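Trainee: The sequence and its predicted three-dimensional model are supplied below.
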Amino acid sequence: MRKAFICPTKYVQGEDEIRNLGYFVKTFGSSALLIAHPDDVSRVKEKLLITAKEYQISFVESGFKGECSRQEVARLQELAKEKGCHCTIGLGGGKAIDTAKCVAAGEALIIVPTIAATDAPTSHSAVLYTPDGAFDDYAYFKQSPSVILIDTTVIAQAPSRFLVSGMGDALSTYFEARATAASCSNVNAGLPCGFREGCCGPAKGTNTAMALASLCYQTLMEDGEKAKTACDCNQVTPALENIIETNILLSGLGFESAGLGGAHAIHDGLTIFEGTHKYFHGEKVAFGTLAQLVLENAPSKEIEEVLDFCLKIGLPVCLEDIGVDQFTAEELMEAANKACIPEESIHAMPFPVTPQSVAAAIITADRIGKNFKEKSRCGK
Ligand SMILES: [Zn+2]
């Protein structure tokens with residue numbers, strides 16, 4: 001059986017770690033194209049100046065326009081060439097990181113997430129949008145980023161809703177990996193890159209990736225609530241460090257190398273509801289996880305553990321928590337159909353899935369979540 005595992009070359013996290021960014025730039029050369037939103041640059045400006053001086057390197061600021069589009073990627077690649085940059089840095093949230101991945105195209109890339117809201121930083125893929133912000137395409141690169149550098153002090157200072165959302169994204173990882181393993185489905189780690197046609201092919205997950213996915217879930221249960229409290233106080237504690245690693249590294253390696261399942265597909269289906277658009281990816285994935293657990297008839301104890309965790313840290317447990325207050329039966333079927341299109345990861349579930357069974361799981365998960373919330377409110 002063909003199996004694949006993919007990961008970044010180096011992962012480093014610590015307090016004020018951005019002060020060491022110059023060291024990693026230096027391993028490639030003396031200048032780096034810095035792709036970052038101006039607000040994110042200003043949050044870490046002082047540390048950038050310190051590290052540039054200490055390691056004698058320069059950052060070429062890019063005037064990043066905020067959208068990961070083909071046009072912006074082409075402009076930045078041209079700029080990198082013109083300025084003779086030796087590596088690319090993506091600093092900030094999802095868009096800057098995805099743009100940097102596209103500009104670097106799998107070579108000499110340093111990712112510096114300033115929030116821990118998703119597990120995307122470690123992956124070898126990115127999402128392209130049109131200049132007006134509509135979905136364009138997925139891009140896969142020949143390698144994962146060279147360096148993931150995380151300044152835990154910066155993450156602790158960001159609003160804790162980002163960290164909680166990252167825990168929602170990480171919450172699905174184990175359950176989706178478990179389903180993928182049970183059905184022996186392919187994982188993203190084996191996907192072909194867009195640069196060398198046929199360089200790799202379909203592959204199953206490794207035991208290594210499954211172990212990481214399990215640790216991801218265990219760490220959330222153990223440290224999630226403590227980490228949220230630390231982040232509410234803008235403090236770096238051991239629990240917060242564990243959860244930053246969980247949200248970014250464990251969940252990132254888990255989803256790419258151990259597989260996606262129902263939770264992310266149901267998330268994608270639910271995006272047909274306008275009301276969900278103001279909620280973060282991980283917040284919607286948390287509800288998608290509950291719906292997947294209902295779809296696979298997971299043990300009540302497991303569902304309750306997940307619900308309890310979500311309520312404790314403030315993740316959604318029902319549809320109204322993600323902006324879906326009312327809907328028609330037709331709208332629900334539209335969402336379920338979208339979750340079940342042939343390309344969706346829901347088909348990695350270890351049994352046949354139909355739009356009807358997905359709609360039933362969404363409705364039931366919503367009621368279970370509402371009831372659980374009500375019960376815990378009365379219990380207090
Ligand atoms: Zn995700």
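Mentor: Structure received.
Trainee: does the residue nearest to Lys95 when sequence neighbours are not counted sit in a helix or strand, and which one?
Mentor: Nearest residue to Lys95, sequence neighbours excluded (Cβ to Cβ, 6 or more residues apart in numbering): Cys68, at 5.2 Å. Using the backbone N, CA and C atoms, a C-beta is placed for each residue, glycine as well. Here Cys68, judged by DSSP states H and E, is contained in no helix and no strand.
Trainee: Please apply the same query to the one 10 residues further on.
Mentor: Taking DSSP H and E as the definition, one finds Glu78 inside helix 70-83.
Trainee: just the angle between the next helix or strand after that helix and helix 70-83, please?
Mentor: Following helix 70-83 in sequence order, the next helix or strand is strand 87-92 (DSSP H and E). Going by axes from the mean of the first three to the mean of the last three Cα atoms, to 10 degrees, strand 87-92 is angled at 130 degrees with respect to helix 70-83.
Trainee: ok, strand 87-92: who's next to it in the sheet?
Mentor: Note on strand 87-92: by DSSP bridges, its sheet partners are strand 31-36 (parallel), strand 109-113 (parallel).
Trainee: For the nearest residue to Lys278 once chain neighbours are set aside, give me its contacts.
Mentor: Computed as Cβ to Cβ, 6+ apart, the closest residue to Lys278 that is not its neighbour in sequence is Gly323, at 6.2 Å. If a contact means Cβ atoms under 8 Å, 6 or more residues apart in numbering, then Gly323 has Phe273, Glu274, Gly275, Thr276, His277, Lys278, Tyr279 as its contacts.
Trainee: Which pLDDT does the model give Gly323?
Mentor: For Gly323, the pLDDT comes out at 97.
Trainee: Return the residues in contact with the nearest residue to Phe64 once chain neighbours are set aside.
Mentor: Leaving out its chain neighbours, the residue that sits closest to Phe64 by Cβ to Cβ, 6+ apart is Ile35, at 5.1 Å. Ile35 sits next to Ser62, Phe64, Leu76, Thr88, Ile89, Gly90, Leu91, Ala96, Thr99, Ala100, Val103 when contact means Cβ under 8 Å, 6+ apart.
Trainee: ok, back up a step: please report how far the residue nearest to Lys278 lies from His281.
Mentor: Per Cβ to Cβ, to the nearest Å, Gly323 is found 14 Å from His281.
Trainee: Tyr23: neighbouring residues, count only.
Mentor: Neighbourhood size, Tyr23 [other Cβ atoms under 10 Å]: 15.
Trainee: Now do the helix or strand hosting it: distance to the chain's middle.
Mentor: Using DSSP H and E, Tyr23 sits in helix 21-26. Centroid separation between helix 21-26 and its chain, computed with Cα atoms, centre = their mean, to the nearest Å, is 25 Å.
Trainee: Let's test this: mean pLDDT of it, rounded?
Mentor: Helix 21-26 carries an average pLDDT of 98.
Trainee: mind listing what's buried in that helix?
Mentor: The neighbour-count check on helix 21-26 (16 or more other Cβ atoms under 10 Å) flags Leu21, Gly22, Phe24, Val25, Lys26 as buried.
Trainee: now for that helix, which elements pack on it?
Mentor: helix 38-55, strand 87-92, strand 109-113, strand 147-151 (3 or more Cβ pairs under 8 Å, 6 or more residues apart in numbering; DSSP states H and E).
Trainee: any residues touching the last one, and which ones?
Mentor: Looking back up the chat, that one is strand 147-151. Outside strand 147-151, the residues that touch it by Cβ under 8 Å, 6+ apart are 8-18, 20-21, 24, 44, 47, 109-114, 116, 121-122, 244, 248-249.
Trainee: Those, buried ones only, as a PyMOL selection?
Mentor: Here is the PyMOL selection string for the buried members of the contacts of strand 147-151, based on 16+ other Cβ under 10 Å:
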select buried, resi 8+11+13+17+18+20+21+24+44+47+109+110+111+112+113+114+116+121+122+244+248+249
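Trainee: Confirm for me that Ile155 is in contact with Thr114.
Mentor: Yes. Counting by Cβ atoms under 8 Å, Ile155 touches Thr114, with 7.1 Å between them.
Trainee: Neighbouring strands - and their directions - for the helix or strand bottoming out on mean pLDDT in the chain?
Mentor: Lowest on mean pLDDT, DSSP states H and E among the helices and strands of the chain sits strand 135-140, with a mean of 89. If you go by DSSP bridges, strand 135-140 pairs up with strand 125-129 (antiparallel).
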